[in-house]
Structure formats: C-alpha cells, structure tokens
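> sequence? don't have it. structure:
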C-alpha cells in the first residue's frame, strides 16, 4: 500500500499535469461511469493529498476522492488515449496526457462536506502541516503500543509499514512501548525522523531511510537494496544480529530485539 509520501508526490505531479485544464473523465471499466459524468468536461482546480487520500478538486465544486489501497495504481499515457490496460476504474485526459487509475480501494465523486468528513477521521499529516503537539496528544493518551499507533491513521496520517519499521529502528525504540509510557523527548526524536523520511520520500519518489552521509553517496544514486536499514532485511546493520519479524497491529514489523530492547 502506498504510504503518505507517495500520495503527496502524486498530488504534486497530477496538479502540474491537469490544473487549469478542462478534462475528459471516463470509466472504461464502467464502475465509475455515473460519477465520471459529474466531472467530465470540468476544469481541474487543484489536486491535494491528505495522508493516504487524494482529492481532485474541480471548478464545479465537486471532487474525486481516491484511496489507492493495496492494489491501486496510476499509469500515464499519451493523447489520443490508448486502449485501456486492465480494469481502468477512472481515466482523466487533457489535451496533453492521459491518466488511468486501476484497482483503487476508493474512487468516488464527493462534495466538500464529504471531504471534510474524511479529513475529520484522519490524524495530523506531517506533510500537510500537521502539528507534532496534536500527534503527541493522540499518542500520550493511548495504552496501545507505539508500533500500532504509528499505523493508526486517526493518530497520524500517512505512515505505513516501511516508515514505521525504519523510524523505530533509527531511534532504537521498542515497538511495544505504550503510547502513554513514551516521554515527550523520545516522541520528538521519532517525529523528526518521520518528517525527514516523508519529505525525502516526496523529493525522490522513493522510501529512503538512510541519510546521504550514512550511505556515503547522494541519495538518488542508491539502489533499492541500499535505501532501507531493516525492512525486509535478515541481519541488523548495527549489531549484526538477526532481524525478527513480529506482528504488531496485524502487520509484519521488522525489528532488532537487541538494538530496540
């Protein structure tokens, strides 16, 4: 499932492609056809992200709400639009480019009231000006482990499984520590790491946990095996001990039980 850096990067890229254009919106698959008609031939006002949600705002005050989920993906193509590949839920076409959406968890036309209801269910988004103090308040009031709280989109929006594992490892935090037992200084360290990783992810369109200093080379020159420290690995880069895979919040979490004791 794409994490928050990806939705924000998509919002930036799609805004650059479609903002100010009167677009054709259709549903080659058919499931989105009636909603597509509501925004077809409308001008795109902007595209914004909130956590793992995307909102395509049109000048007729309607929005397309997209949540990619585990299987959703976008594909850019030329104009004239090519034949659909797979089950294309939504197609947006300007005079310059075609954008196809396959397999999203959510794709629907909504209004501002619906959008505000979605946003009200989300915790602060670090990439959208979310407040560290508000996230701290959510965490400090909970008896759930920090490893679970980081995946709770009502606590903090946009964090996924990879960012969770990498941030906790960087600051050597035990994922089982309860939110209410976490001190503010430790939380502030965690917040800074998460914000850095998310911003780096937007910039490079990749999840990159390591720093350029640590890697010894510019981040854009790292291959996929060099970008992460612990996620998907078997050996800890600090102690050379084995990496454990545990279940926290029903998701696999990679952890070094020695470094993160």
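Good, I have the coordinates. Predicted, not measured: the structure shown is a model, and the values here were computed from it.

> residue ranges of the strands in the protein, please?
Residue ranges of the strands in the chain, as given by DSSP state E, are 24-26, 44-50, 53-58, 63-67, 73-77, 88-93, 98-102, 106-110, 244-248, 251-255.

> which parts of the lengthiest helix in the chain are buried?
Longest helix in the chain, counting residues (DSSP state H): helix 184-204. Residues 187, 190, 191, 193, 194, 196, 197, 198, 200, 201, 202, 204 are the ones in helix 184-204 that count as buried (16 or more other C-beta atoms under 10 Å). The C-beta positions use only the backbone N, C-alpha and C, and glycine is treated the same way.

> Check the gap between residue 117 and residue 23 for me.
Separation of residue 117 from residue 23 (C-beta to C-beta, to the nearest Å) stands at 25 Å.

> To what extent is residue 85 buried, counted in neighbours?
11 (other C-beta atoms under 10 Å).

> Offset the numbering so it begins at 37, please.
With the count now opening at 37, the last piece we talked about shows up as residue 121.

> on that earlier part again, just list what the longest helix of the chain packs against, helices and strands only.
On a contact count with 3 or more C-beta pairs under 8 Å, 6 or more residues apart in numbering; DSSP states H and E, helix 220-240 meets helix 40-54, helix 168-176, helix 197-206.

> okay, these, which one's buried deepest?
helix 197-206 (a mean of 24; mean count of other C-beta atoms under 10 Å).

> same for that helix, what does it pack against?
helix 182-185, helix 220-240, strand 287-291.

> now the ones you listed in TSV, with distance to residue 192 and mean pLDDT?
Putting the helices and strands packed on helix 197-206 into TSV (distance: least, C-beta to C-beta, whole Å; pLDDT from 0 to 100) gives the following:
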stretch	distance to residue 192	mean pLDDT
helix 182-185	8	98
helix 220-240	8	97
strand 287-291	15	96
